[in-house]
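Asker: based on what follows, work out the 3D shape:
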Amino acid sequence: MKRRTFLKVGVILSAVLLAGSSSNVIFSDTMESAYKPKTHVLKANSETVRWGNIGKGDPALTVQSGDIVTVEAITHHSGDDYDRMIKGDAGVEDIFHWIEGEKNEALRGPGVHILTGPIAVEGAEPGDVLEVKILDMKLRPNGNDKYAGKTYGVNAAANWGYLYGDMVEEPKKREVVTIYEMDTEGGTDYATAVYNYKWTVQTDPDGQVHPTIDYPGVIVDHNTIDKNFDVLKGIKIPVRLHFGTMGVAPKEADIVDSVSPSYNGGNVDDWRITEGATMYFPVSVPGALLSIGDPHAGQGDSEINGTAIETSVTGDIQVILHKKATLNQKLSGLSFPLLENEYEWVVHGFSYANYLEELGASSQTDIFKNSSIDKAMKDAAHKTKDFLMAGMELSEDEAYSLMSVSADFGITQVVDGNWGVHALIDKGQFGDSERKAVGLRNSFESFGAKVSWKPTTQTVTISYNNNVLEMKVGATTGMYNGEIVKLVAPIEVVKEKVQVSEYFAKFYKAKLSKTE
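Answerer: Residues are numbered from 1 along each chain as shown. Predicted structure coming up:
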């Protein structure tokens, strides 16, 4: 019986994939045959990064809407283990170079993050919205042959952590650095702790003393620390690669501390900003000026001790400019960083929706004294209600009820000055309006991709631009250019038709369009 059913489905799927009903064609408002975005590579070095500033600045790269950028992002915590995270990596060595009287990236501040960019988008103007699709994320291999095949990350229980000074064991005020190890090639999907150590007083090459973790880029002298290798034994931490910091430049100031997030995005520290997700940012300066950094390998909601597993990552992103005059009802008037993925909308609220404006001239220091979860929750609630009313066309009473019965509010972070609360809105509850199903074959062949079907294995192969995506019906993983990838969603058979969501089709259209 099972074999007969399998053969029947195989015949049906073959017919569906080969038929090509025009009713399932998407992207009908564009010239699909002309869809050829340019791919750029933005390497990280002392010429292409800024340290601690997410404000305005000369672009490291200028792109067109629709272009794809392979961007290198480097963790500012690399100096916590020089041998594992800096040595032998030319780009990272260049960024961290610091000897007496000579320091690359001398302007470190007012924040701490190493930000690659900014990336200017041609034609971007205030009032527009910048869409950023995260197409791919990979761990950056360390450059030291001694640790070949591994990537390392740092978690620092720091002085800005939520429980700093409120510990049980002595000394109650202590900073503890834990070094984690991961398989560079993704052979494992977890991180393990290698060792930890308590921060000791460090003296930088210019003679400045650092009793705490208070300045970015200080290389820890390992002769001053005691390493504890008996740490988190047998515990495997899930690797969830994401960009802790991604955002456009705000209009309120030229130099802006990278630590506190705001309406422009920035250090949002939401682990959902990962491969398969799309971010939307309101543009407030010409060119948008997108910066990316603070990559993480793992973080829980709240980032409670001050940091995630801070590591270095290379990602592929696509930037798409939505002009003010053509914004849809979800993006019109957008005033906060909005996340979309296959299954959810994620609204980001903060203690202050725009702290740079609300707190005035001293906002970049005052924000660290004024944040609270109460304020962040209120901001997230109002934004969620407004989003449901405008984006989903609900009445205020409908939106308020839906928020209470189905939206999940969570604490994004309590360590970045402007604290964050996010709201998860399930797309599925809105039916086809938010997860529109489209025919797989026509969705991809409409822009020139080749689609083939193997009925014996129920495998679909999509080829375009020398890229190949292969996946089986119902599978959560597939093969992309010979590597295992997690799919944003499985392909499905619905009413004897092979279907995917519109989000799926747009995402893989972009991913397949990357050129070398």
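Asker: surely residue 55 and residue 248 touch.
Answerer: No: counting by Cβ atoms under 8 Å, residue 55 sits too far from residue 248 to count as a contact (10.5 Å). From N, CA and C alone the C-beta is placed, and that goes for glycine too.
Asker: who's more crowded, the two?
Answerer: More crowded of residue 55 and residue 248, by other Cβ atoms under 10 Å: residue 248, with 31 against 23.
Asker: residue contacts, the more buried one?
Answerer: Residue 248 makes contacts with 130, 264-265, 281-285, 288-291, as judged by Cβ atoms under 8 Å, 6 or more residues apart in numbering.
Asker: distance check, it against residue 215.
Answerer: For residue 248, the distance to residue 215 equals 27 Å [Cβ to Cβ, to the nearest Å].
Asker: lowest average confidence, helix or strand, in this protein?
Answerer: Using mean pLDDT, DSSP states H and E, the weakest-scoring helix or strand in the chain turns out to be helix 2-19, at a mean of 44.
Asker: CA atoms of the helix or strand that that one is followed by as PDB?
Answerer: Later in the chain than helix 2-19, the nearest helix or strand by DSSP states H and E is strand 39-42. C-alpha atoms of strand 39-42 as PDB (Å, rounded to 0.1, in the frame of the first residue of the first chain):
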ATOM      1  CA  THR A  39      27.800  40.300  -5.700                       C
ATOM      2  CA  HIS A  40      30.300  42.300  -3.700                       C
ATOM      3  CA  VAL A  41      32.900  41.100  -1.100                       C
ATOM      4  CA  LEU A  42      33.600  43.400   1.900                       C
END
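Asker: any idea how far whichever helix or strand comes after strand 39-42 is from the chain center?
Answerer: Toward the C-terminus, strand 39-42 is succeeded by strand 49-51 as the next helix or strand (DSSP H and E). Here strand 49-51 is found 18 Å from its chain centre; the criterion is Cα atoms, centre = their mean, to the nearest Å.
Asker: kindly report the same for stretch 331-341.
Answerer: Per Cα atoms, centre = their mean, the centroid offset for stretch 331-341 relative to its chain is 15 Å.
Asker: how much space separates residue 510 from residue 320?
Answerer: Residue 510 sits at a distance of 9 Å from residue 320 (criterion: Cβ to Cβ).
Asker: kindly report the same for residue 388.
Answerer: 24 Å.
Asker: these two: who's more crowded?
Answerer: Higher neighbour count among residue 388 and residue 320: residue 388, with 25 against 18, using other Cβ under 10 Å.
Asker: need the contact list for that one.
Answerer: Contacts for residue 388 were tallied using Cβ under 8 Å, 6+ apart; they are 394, 398-399, 402-403, 425.
Asker: what helix or strand is it on?
Answerer: Using DSSP H and E, residue 388 sits within helix 373-391.
Asker: pLDDT averaged over that helix, what's the number?
Answerer: For helix 373-391, mean pLDDT rounds to 98.
Asker: the nearest residue to residue 101 once chain neighbours are set aside: what secondary structure?
Answerer: What sits nearest to residue 101 in space, not counting adjacent residues and going by Cβ to Cβ, 6 or more residues apart in numbering, is residue 206, at 7.3 Å. Put simply, residue 206 is coil when judged by DSSP: H, G, I helix; E, B strand; the rest coil.
Asker: tell me the phi and psi of residue 206?
Answerer: Dihedral angles of residue 206 (phi, psi; degrees, to the nearest 10) stand at phi -90, psi 10.
Asker: any idea how far it is from residue 102?
Answerer: For residue 206, the distance to residue 102 - Cβ to Cβ - is 10 Å.
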